[in-house]
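# Build me a model:
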Amino acid sequence: MPLDPSFNESVPQGDNVSRKVCDHCGFVAYVNPKIVVGSVVRSGEKVLLCRRAIEPRKGFWTIPAGYLELAETPEAGAKREAREEACANLNISGLLAVYTIAHLSQVQIFYRATFAEPEIAAGEESLEVGLFGWDEIPWEDIAFPSVKWALDHERSVHLGKATAPFANPDGETGGLSE
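Now for the predicted structure:
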């Protein structure tokens with residue numbers, strides 16, 4: 001990405017990382033990780049999945065999730081994403097996991113949730129939505145590694161085998177080849 005003519009890459013005084021610094025006033029334009037928020041939504045023994053209508057990974061299945069907006073709490077963002085992608089209203093029951101996807105500079109915060117109301121429908125960012133039992137989940141068509149982690153972690157909590165919150169599984173960084 002080309003720099004604005006008034007910005008140059010340099011290491012600001014007292015820092016040790018090269019950043020965009022304004023030549024005129026010394027303003028440092030920090031670039032920080034993006035925060036993704038979402039939920040594993042359970043209804044009895046089934047979980048909500050959304051088939052993506054947008055890139056990346058259009059046509060693949062995911063949990064309702066997306067980027068946190070400015071001045072929004074992570075919980076409110078997770079609820080908003082469920083409304084946008086699955087026309088679903090949620091009750092957040094607790095933090096499930098915080099994952100880091102270093103190569104994308106993302107921090108992903110996922111919650112455990114249930115439906116406040118039972119209705120769901122595909123939103124603008126989804127081709128279709130559905131409730132899936134564990135053996136019905138289209139594992140080969142899951143959009144991202146962190147979705148698989150979240151589903152596995154939520155199932156462990158649901159079955160009483162573990163307690164949340166979780167982090168990346170050992171050795172996992174979130175690359176699509178993993």
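
# Quick one: residues contacting the spatially most central residue of the chain.
With distances taken as C-alpha atoms, centre = their mean, Val36 lies nearest the centre of the chain, 3.8 Å away. Val36 is in contact with Ala65, Gly66, Tyr67, Leu68, Gln106, Val107, Gln108, Ile109, counting by C-beta atoms under 8 Å, 6 or more residues apart in numbering. Just so you know, the C-beta spots here come from the backbone N, C-alpha and C atoms, and that holds for glycine as well.

# Likewise for Val157?
Residues near Val157 by C-beta under 8 Å, 6+ apart: Leu96, Arg112, Thr163, Ala164.

# and it, what are its phi and psi?
Torsion angles at Val157 (phi, psi; degrees, to the nearest 10) stand at phi -70, psi -50.

# Could you check how far it is from Tyr99?
Applying C-beta to C-beta, to the nearest Å, the value for Val157 to Tyr99 is 15 Å.

# now Gly77
Using C-beta to C-beta, Gly77 is found at 15 Å from Tyr99.

# Kindly report the same for Ile63.
Noted for Ile63: a distance of 12 Å to Tyr99, by C-beta to C-beta.

# more crowded one of the two?
When Ile63 and Tyr99 are compared for neighbours, Ile63 comes out ahead with 29 against 24, by other C-beta atoms under 10 Å.

# List the contacts of the more buried one.
Contacts here follow C-beta under 8 Å, 6+ apart; on that basis Ile63 touches Gly38, Ser39, Val40, Val41, Val47, Leu48, Leu49, Cys50, Phe110, Val147, Ala150, Leu151.

# so what pLDDT did it get?
Ile63 carries a pLDDT value of 98.

# if we can go back for a sec, so among the contacts of Val36, which ones count as buried?
Neighbour counting with 16 or more other C-beta atoms under 10 Å marks Ala65, Gly66, Leu68, Gln106, Val107, Gln108, Ile109 as buried within the contacts of Val36.

# out of these, which are inside strands?
Among those, the ones falling in strands (DSSP state E) are Ala65, Gly66, Gln106, Val107, Gln108, Ile109.

# As TSV, the residues you listed with distance to Arg57 would be great.
Formatted as TSV, these follow (distance: C-beta to C-beta, whole Å):
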residue	distance to Arg57
Ala65	12
Gly66	13
Gln106	14
Val107	19
Gln108	15
Ile109	19
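
# Tell me the one of these nearest Gly171?
The closest of those to Gly171 turns out to be Gln108 (C-beta to C-beta; 17.1 Å).

# which intervals of this protein have sub-threshold pLDDT?
Filtered on pLDDT under 70, the chain yields the residue ranges 1-5, 176-178.

# okay, now the domains of it?
1-31, 34-158 (automatic domain parsing).

# Please tell me how far whichever strand in the chain runs longest is from the chain's geometric centre.
Ranked by residue count, the top strand of the chain under DSSP E comes out as strand 90-101. Offset of strand 90-101 from its chain centre (C-alpha atoms, centre = their mean, to the nearest Å): 9 Å.
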